[in-house]
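**Student:** here is a sequence together with a model predicted from it:
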Amino acid sequence: MENLHDKRKIYEKSQLIESEIKENPIEQFRDWFLEASENPSISEANAMAVSTLEEDGCPRTRMVLLKEYTYEGFIFYTNYDSRKGKAIEKTHTACLHFFWPGLERQIIIKANLEKIAENLSDGYFHARPKGSQLGAAVSPQSQEIPNREFLEEKLRDLEKEYENSEVPRPENWGGYIAKPYEIEFWQGRPNRLHDRIIYSLEDLDWEISRLAP
């Protein structure tokens, strides 16, 4: 057992006030993301937690890499037959979470999800390193397997099969776009009086409000 009561820090690197934020949350995300990308203490600014709801009612969270963002939403790629893919297909919702300790910031995004066009998934898949393409083809993601050798043997077989040819994108692998309807920006502040600004989509307009920390 370990007492962690004294494990705390003082947040004082920045502030988040209404007079300085963007009216559109995607533009606010862009500004923060660029700062995170340029911060040497943050190795993967595009790493995000994706939470989905399991059949037992308990959320399940895993880290995924954001691959693109537009005014329409946030795009990532996965195996559609994975636990995350099956949960998304059932609820069509997810929560994305970015945490950048080096900036004392986090962003929480609630969104509706849908698959992107197959040609877009094809384009990204074939832009990946060939090893990553083969890995996607090899792994029956989230399914039980007998041992690691099972994967490594399948990988060797596919390496031989596609040694001199293009790896086809598996039909059950592709992208999702998360279309946000709520985005919260959190900035750490002294004395735990953190700044929390939340954007809520009402019809086609974003409403901005402040939440107590």
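**Tutor:** Received, thanks.
**Student:** which SS state does the spatially most central residue of the chain fall under?
**Tutor:** Nearest to the geometric centre of the chain sits M48, at 3.7 Å (CA atoms, centre = their mean). Of the three states, M48 takes strand according to DSSP: H, G, I helix; E, B strand; the rest coil.
**Student:** can you give me the strands in the chain?
**Tutor:** 47-53, 59-65, 68-69, 74-79, 93-100, 105-115, 173-187, 195-202, 205-210 (DSSP state E).
**Student:** in a markdown table, list these along with mean pLDDT and distance to Q141.
**Tutor:** All C-beta atoms are positioned from the backbone trio N, CA, C, and that covers glycine. Below are the strands of the chain laid out as a markdown table (pLDDT from 0 to 100; distance: least, CB to CB, whole Å):
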| stretch | mean pLDDT | distance to Q141 |
| --- | --- | --- |
| strand 47-53 | 98 | 14 |
| strand 59-65 | 98 | 11 |
| strand 68-69 | 98 | 21 |
| strand 74-79 | 98 | 4 |
| strand 93-100 | 98 | 16 |
| strand 105-115 | 98 | 16 |
| strand 173-187 | 98 | 9 |
| strand 195-202 | 98 | 31 |
| strand 205-210 | 98 | 35 |
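**Student:** want to throw the ones you listed into a markdown table with distance to D6?
**Tutor:** What follows is the strands of the chain, written out as a markdown table (distance: least, CB to CB, whole Å):
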| stretch | distance to D6 |
| --- | --- |
| strand 47-53 | 26 |
| strand 59-65 | 27 |
| strand 68-69 | 38 |
| strand 74-79 | 37 |
| strand 93-100 | 22 |
| strand 105-115 | 22 |
| strand 173-187 | 23 |
| strand 195-202 | 25 |
| strand 205-210 | 30 |
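**Student:** select, out of those strands, the one closest to K7.
**Tutor:** Comparison of the strands of the chain against K7 by CB to CB identifies strand 93-100 as nearest, at 16.4 Å.
**Student:** and of the strands of the chain, who's closest to E161?
**Tutor:** Using CB to CB, these put strand 173-187 closest to E161, at 17.1 Å.
**Student:** what's the angle from the closest one to strand 205-210?
**Tutor:** 40 degrees (axes from the mean of the first three to the mean of the last three CA atoms, to 10 degrees).
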